[in-house]
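Peer 1: Give me a model of this one.
(2 chains)
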2 protein chains.
Amino acid sequence: MNDRASDPLQPAAPRRVARVRDVSVNLAHGSGGRAMRDLIEDVFVSTFDNPTLAALEDQAVFALADLATRGDRLAFTTDSYVVDPLFFPGGDIGTLAVAGTVNDLAVCGATPLYLSCAVVIEEGLAVDILRRVAASMQRVALEAGVAIVTGDTKVVERGCADKLFINTAGIGVVRRDVSTSARNARPGDIVIVNGYLGDHGAAILVARQQLALEADVESDCCPLNSLIAAMLDACPQIHCLRDATRGGVATVLNEFAQSSNVTIRLREADLPLREQVKGACEILGLDPLYLANEGKLVAVVPAAAAERVLTAMRAHPAGREAAAIGTVEMGEAGAAGLVVMQTVFGGQRIVDMLVGEQLPRIC
Amino acid sequence: MNDRASDPLQPAAPRRVARVRDVSVNLAHGSGGRAMRDLIEDVFVSTFDNPTLAALEDQAVFALADLATRGDRLAFTTDSYVVDPLFFPGGDIGTLAVAGTVNDLAVCGATPLYLSCAVVIEEGLAVDILRRVAASMQRVALEAGVAIVTGDTKVVERGCADKLFINTAGIGVVRRDVSTSARNARPGDIVIVNGYLGDHGAAILVARQQLALEADVESDCCPLNSLIAAMLDACPQIHCLRDATRGGVATVLNEFAQSSNVTIRLREADLPLREQVKGACEILGLDPLYLANEGKLVAVVPAAAAERVLTAMRAHPAGREAAAIGTVEMGEAGAAGLVVMQTVFGGQRIVDMLVGEQLPRIC
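Peer 2: Next up is the predicted model:
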């Protein structure tokens, strides 16, 4: 067994690290040479603090036998983060980069374990910004119980990227008893969300000064793996589970409806929306159902289990405002795969997939 | 067992796909909505052609039991690719993105299996360029025997990225009998490379028109996993193995020397260098030992196995010009971790780690 396979979920032995003296990142920091090594050791290895990363090999290695103690299937996912601005109320690109990938693993019933971190840096970025972002990543990684075990650093010339892009890939192990899929929604099922919708999108609008709100709104960015574990403990047979990021709840529900060939009927009155987000959407002509979330999930559960799942969710900090927002019905002939909203005025309207772009670079 | 866990190394069932009608990528293609879905289905899913990706879940899932048939440890790696220009003699950003990550897995003795593909696209990029790059990725993936099983698409405004960046992460399974590490070099070991050095760096210089060569030089970009498998069949106890990309052979050897606390002595006369690359380096004041390669590895092997490994390498298309270029010696007191070159004139010089930047955006 390779000695770098020591447990990355434990901190690395303390080590002396040369501190980068440059105030800003230059092209040499992406060269593959000494400057890059120093930047990686100082900013990333010392912050992410685990022996697997600290070995500075080009890959992380884990015993399959250890993985198999957690379940029977490996889950693998990736996301790049290009959010603008880098920092916003409630989070930053680093919190997104960890929470987003953790959540993509968790929604398939996986226990997220290991993340990679690959950065593309625009020449001239302040090293202190990198430090802040790395610290955010580590804070969320600790909260989610994952380790950042391998990485890559590239630097491009000024004007060839916008400050900082981060890619995280993640691996986790799927619990034996779980099988969620967008194809599993069945007539009679209940549609559940874990709280207020659209906070992340609204927070980004505020951060871009495209929107002045009387009351503050913060991004909901957070890892959902422990909430999801509680939900799966309450009901391992959750049919569909997905985080509602880009494209919002509307897009997730359309994917469920199309993949499962059913109609999903929402009740507008039951959607958990903050007054300030609702108001902002009205002013800007945005639909909160399409606003991005970074700490919200949509679950489709058998009706018999709905109350049990809701109770488990409301006992968790990330699920206090959990709500049932709709039901699954048979797909109508020739109109399968629809999402329909029962409006507060008693009418109904189709909630289509997002066409065009509401808010670029939301994540 | 989830039905999307069907074998991703087999082609997906044929499917009808809406062809993207846009000539160039716009912000809606990164929205999370319908335009993004169409772009992903048309350009990536149809090209990468496997059922795991085609399921369009946010993560790929594999049975751990299947992985365990190939070895006892999981390897996990990531790299972002920002090469400029996107297309160059002998390859493009797509060939790099697959071969580079395959090679990072293979050098730890892993059989590469599954890759992710996350693209950051600058608004305005021609869709046809994406198609060409995706086709290159799939060609190299098939050559290497890997499947691209999960992905992500982001679009940023014009001027906020330079055309296209690609991140690939990869997972593979390490053979039971293998344990390579930068720390394993021992006095008496032989240093081997698999052929001509610096071709990739020189090809990029030519593509940027920073260098006009009389004879053509092409990037050596190629997957090395089958070559490495042949080497490990010949000698499972290969001590160190790494691909020599950014920073070149000099950087890899310095990492070996420092991690293993030894001196590595190179013989300049034995370095496999093409005449045109050598000439170009002389004109431009570059040292070919620092030029990037994308299909070259450095191996440190026990002396008793060196001829056996070289014979196995020379029988492989990617190892025809394999050569022993140096030896490992005891680290001198107070000077451990050195790389020393025996020059053709009988002198010697220190080969340090790369300081500063030779060629930005080489990969």
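
Peer 1: Just checking the helix or strand harbouring A:Ser80 against chain B, any contact.
Peer 2: Per DSSP states H and E: A:Ser80 is located in strand A:73-81. Yes - using CB under 8 Å from any CB of the partner chain, strand A:73-81 reaches chain B at A:73-81. Where C-beta positions appear, they are placed from N, C-alpha and C, glycine not excepted.

Peer 1: Could you identify which of those residues has the most neighbours?
Peer 2: Top of the residues of strand A:73-81 next to chain B by neighbour number is A:Thr77, holding 32 neighbours under the definition other CB atoms under 10 Å in any protein chain shown.

Peer 1: Now do the same contact list for it.
Peer 2: Neighbour list for A:Thr77: A:101, A:104-105, A:169-170, B:58-60, B:116, B:150 [criterion: CB atoms under 8 Å, 6 or more residues apart in numbering or on different chains].

Peer 1: repeat that for 10 Å
Peer 2: A:100-105, A:107-108, A:110, A:112, A:115, A:168-172, B:57-61, B:116, B:118, B:149-152, B:169 (CB atoms under 10 Å, 6 or more residues apart in numbering or on different chains).

Peer 1: burial count for the nearest residue to A:Thr77 once chain neighbours are set aside?
Peer 2: Setting aside the residues directly before and after it, A:Thr77 is nearest to B:Gln59 in space (CB to CB, 6 or more residues apart in numbering or on different chains), at 3.8 Å. The local packing count at B:Gln59 equals 26, with neighbours defined by other CB under 10 Å.

Peer 1: just checking, B:Gln59 touches A:Cys108?
Peer 2: Yes - under the criterion of CB atoms under 10 Å, B:Gln59 is in contact with A:Cys108, at a separation of 5.2 Å.

Peer 1: Common neighbours of the two, please.
Peer 2: Jointly contacting B:Gln59 and A:Cys108 under the rule CB under 10 Å, 6+ apart are A:75, A:77, A:172, A:174, B:4.

Peer 1: Could you list the low-confidence segments of chain A?
Peer 2: Scanning chain A with the threshold set as pLDDT under 70 gives A:1-6, A:11-17, A:214, A:358.

Peer 1: What strands line up against the longest strand belonging to it, and which way round?
Peer 2: When secondary structure is assigned using DSSP state E, the longest strand within chain A turns out to be strand A:110-122. On the basis of DSSP bridges, the sheet neighbours of strand A:110-122 come out as strand A:147-156 (parallel), strand A:164-174 (antiparallel).

Peer 1: A:Phe88 and A:Asp233, how far apart?
Peer 2: 33 Å (CB to CB, to the nearest Å).

Peer 1: Which one's more surrounded, those two?
Peer 2: Taking neighbours as other CB under 10 Å, A:Phe88 and A:Asp233 compare with A:Phe88 leading, 22 against 13.

Peer 1: The more buried one: what's it in contact with?
Peer 2: A:95-96, A:200, A:203-208, A:218-219, A:221.

Peer 1: I'd like to check which residues are in contact with the most centrally placed residue in chain A.
Peer 2: Here the mean C-alpha position of chain A is nearest to the C-alpha of A:Gly100 (CA atoms, centre = their mean), at a distance of 1.9 Å. Contacts here follow CB under 10 Å, 6+ apart; on that basis A:Gly100 touches A:77, A:79-81, A:83, A:140, A:166, A:168, A:170, A:221, A:223, A:243, A:245-246, A:294-295, A:363, B:58, B:152.

Peer 1: OK, contacts around the residue nearest to A:Arg73 when sequence neighbours are not counted?
Peer 2: The shortest distance from A:Arg73 to any non-neighbouring residue, by CB to CB, 6+ apart, is to A:Val174 (4.0 Å). Neighbouring residues of A:Val174 by CB under 10 Å, 6+ apart: A:70-75, A:105, A:108-111, A:180, B:2, B:5, B:59, B:61-64.

Peer 1: Equivalent analysis for A:Leu211, please.
Peer 2: Going by CB under 10 Å, 6+ apart, A:Leu211 touches A:201-205, A:217, A:276, A:280-281, A:283-284, A:286.

Peer 1: Kindly list the main-chain dihedrals of it?
Peer 2: Reported as degrees, to the nearest 10, the phi and psi values for A:Leu211 are phi -160, psi 120.

Peer 1: same thing with A:Arg361?
Peer 2: Note on A:Arg361: backbone dihedrals following degrees, to the nearest 10 are phi 60, psi 50.

Peer 1: So A:Glu57 belongs to a strand, correct?
Peer 2: No - with the criterion set as DSSP: H, G, I helix; E, B strand; the rest coil, the secondary structure at A:Glu57 is coil rather than a strand.

Peer 1: Settle this for me: it is touching B:Ser181, isn't it.
Peer 2: Yes - between A:Glu57 and B:Ser181 there is a contact at 6.8 Å, judged by CB under 10 Å.

Peer 1: quick revisit: nearest to B:Ile238, of the contacts of A:Leu211?
Peer 2: Set against B:Ile238, the nearest of those by CB to CB is A:Ile204 (49.6 Å).

Peer 1: Please enumerate the strands of chain A.
Peer 2: Under the criterion DSSP E, strands of chain A are mapped to A:60-63, A:73-81, A:87-88, A:91-92, A:110-122, A:147-156, A:164-174, A:190-193, A:240-243, A:262-267, A:297-301, A:323-330, A:339-342, A:348-350.

Peer 1: Tell me the gap between the last one and the middle of its chain.
Peer 2: Put plainly, it is strand A:348-350. Between the centre of strand A:348-350 and the centre of its chain there are 29 Å (CA atoms, centre = their mean, to the nearest Å).

Peer 1: Output the contacting helices and strands for it.
Peer 2: strand A:262-267, strand A:339-342 (3 or more CB pairs under 10 Å, 6 or more residues apart in numbering or on different chains; DSSP states H and E).

Peer 1: contacting residues for the residue in the stretch 51-200 of chain A positioned nearest to chain B?
Peer 2: Nearest residue of the stretch 51-200 of chain A to chain B, counting by CB to the nearest CB: A:Ala169, 3.3 Å away. A:Ala169 sits next to A:76-80, A:101, A:104, A:114-118, A:150, B:76-78, B:115-116, B:118, B:150, B:152, B:167-171 when contact means CB under 10 Å, 6+ apart.

Peer 1: about what we covered before: name whatever forms a beta bridge with the residue nearest to A:Arg73.
Peer 2: Those that pair with A:Val174 in a beta bridge, by DSSP bridges, are A:Arg73, A:Ala110.

Peer 1: ok now do A:Ala126, which residues does it touch?
Peer 2: Taking CB under 10 Å, 6+ apart, we find A:Ala126 in contact with A:22-25, A:132, A:163.

Peer 1: Please narrow those residues to those residing in helices.
Peer 2: Secondary structure assignment by DSSP state H places A:Arg132 of those in helices.

Peer 1: The contacts of A:Ala126 into CSV, with extra columns for neighbour count and distance to chain B?
Peer 2: Formatted as CSV, the entries for the contacts of A:Ala126 read as follows, by neighbours: other CB atoms under 10 Å in any protein chain shown; distance: CB to the nearest CB, whole Å:
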residue, neighbour count, distance to chain B
A:Asp22, 13, 12
A:Val23, 10, 17
A:Ser24, 15, 14
A:Val25, 26, 12
A:Arg132, 16, 21
A:Lys163, 18, 9
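
Peer 1: Closest one of the contacts of A:Ala126 to B:Asn254?
Peer 2: Within the contacts of A:Ala126, distances to B:Asn254 taken as CB to CB reach their minimum at A:Asp22, with 21.0 Å.
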